[in-house]
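Undergrad: Here is my input, please return the structure:
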Amino acid sequence: MPHPEATTDIRAEEASPPGSGPEATLHLRLPDEFRALFHQDAHSSTSRAKQLPASAQDPLGAPADLLDTPADWGPVSTPAGEFRLVPVRPDRDVALITRWMNDPAVAAFWGLAGPESVTAAHLRGQCDGDGSSIPCLGVLDGTPMSYFEIYRADLDPLARHYPARPHDTGIHLLLGGVADRGRGLGSVLLRTVSDLVLDRRPRCARVVAEPDLRNTPSVSAFLTAGFRLFGEADLPDKRAALMVRERDLRHLL
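TA: Got it, this is the predicted structure:
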């Protein structure tokens, strides 16, 4: 996912079907109390729909869940222990994530070193957004030890840099503790979370990633987790390795 402040402007135009103009309607008089209820419901539905891009609504115009609720993906067993994704609550989690972001090895690639306000702004941009990116804590055997961002790559500015497909889902990973790095745990978690995406998001055929090419350990972890390199891209803040894990090949890599 390129710079967190970048946005994708998605619009759809709807044409009126034949026979839907004013000349095709019946003029019925409803009681005032019914009219008030219909007006209230319509206003509420319209307000909710405006919070999501048009492509994120179902054919009847109702807002859709862009990422199929990672909070409900549940705990799974891994070679490292029981793992689950827990959506971030900034008021609860900002201190922990800020500490991780200020680790020099992390700051070199995330660029979010600084006071809590820097991390808080990054988290709020997602938590208060349209639901196309969800920040999560990775919790292993009950302990928060990693930070993930699960996002709709096809609705992200990243889609301008590769041939995106509908429902492509992207992953960012940060391992919080120094002791958790360099021993293969990143690969275990990347495989676990990409499996969760493919299992819980039936419309998603591919999980994608765009680690910095200079971040050799990250690129290696994705490869070990079953991703393959399919290109490179010049993003606003880095030269990225474009990586993909496909549903059809997940059991072969």
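
Undergrad: Wasn't Pro217 part of a strand?
TA: No: counting by DSSP: H, G, I helix; E, B strand; the rest coil, Pro217 is not part of a strand but helix.

Undergrad: Distance check, it against Arg124.
TA: Separation of Pro217 from Arg124 (C-beta to C-beta, to the nearest Å): 29 Å. In this view, the C-beta of every residue, glycine as well, is placed from N, C-alpha and C.

Undergrad: looking at it, Gly186 is touching Ser218, isn't it?
TA: Yes: with contact defined as C-beta atoms under 8 Å, Gly186 reaches Ser218; the gap is 7.5 Å.

Undergrad: Now do the shared contacts for these two.
TA: Shared contacts of Gly186 and Ser218 (C-beta atoms under 8 Å, 6 or more residues apart in numbering): Leu173.

Undergrad: which residues touch Val86?
TA: Counting by C-beta under 8 Å, 6+ apart, Val86 has contacts 71, 136-137, 139, 144.

Undergrad: Asp195 sits in which helix or strand?
TA: helix 185-200 (DSSP states H and E).

Undergrad: quick one: strands adjacent to the very next helix or strand once past that helix?
TA: Counting by DSSP H and E, the element after helix 185-200 in chain order, helix or strand, is strand 206-209. Next to strand 206-209 in the sheet, as set by DSSP bridges, lie strand 169-175 (parallel), strand 238-246 (antiparallel).

Undergrad: Now for Leu213, how many residues are close by?
TA: Counted with other C-beta atoms under 10 Å, residues neighbouring Leu213 total 16.

Undergrad: and it, what is it in contact with?
TA: By C-beta under 8 Å, 6+ apart, the contact list for Leu213 reads 219, 232, 238-241.

Undergrad: Which parts of this structure are strands?
TA: For the chain, strands defined by DSSP state E occupy the ranges 76-78, 81-87, 133-140, 143-152, 169-175, 206-209, 228-235, 238-246.

Undergrad: got the angle between the longest one and strand 81-87?
TA: Here strand 143-152 runs at an angle of 50 degrees relative to strand 81-87 (axes from the mean of the first three to the mean of the last three C-alpha atoms, to 10 degrees).

Undergrad: Name the residues of strand 143-152 that come out as buried.
TA: Neighbour counts over strand 143-152 (16 or more other C-beta atoms under 10 Å) mark 144-152 as buried.

Undergrad: Which member of those is positioned nearest Gly81?
TA: Among the buried residues of strand 143-152, Met145 lies closest to Gly81 (C-beta to C-beta), at 9.9 Å.

Undergrad: excluding its backbone neighbours, what's nearest that closest one?
TA: Gly176 (5.4 Å; C-beta to C-beta, 6 or more residues apart in numbering).

Undergrad: My guess is that neighbour contacts Pro144. True?
TA: Yes: Gly176 is within contact range of Pro144, at 7.4 Å (criterion: C-beta under 8 Å).

Undergrad: what residues are shared contacts of these two?
TA: Common neighbours of Gly176 and Pro144 are listed as Leu96 (criterion: C-beta under 8 Å, 6+ apart).

Undergrad: For burial, what's the neighbour tally of the residue nearest to Met145?
TA: The local packing of Gly176 (other C-beta under 10 Å) involves 21 other residues.

Undergrad: do you know how far it is from Leu213?
TA: Going from Gly176 to Leu213 by C-beta to C-beta gives 23 Å.

Undergrad: cool, and Leu249?
TA: Relative to Leu213, and taking C-beta to C-beta, Leu249 is found at 23 Å.
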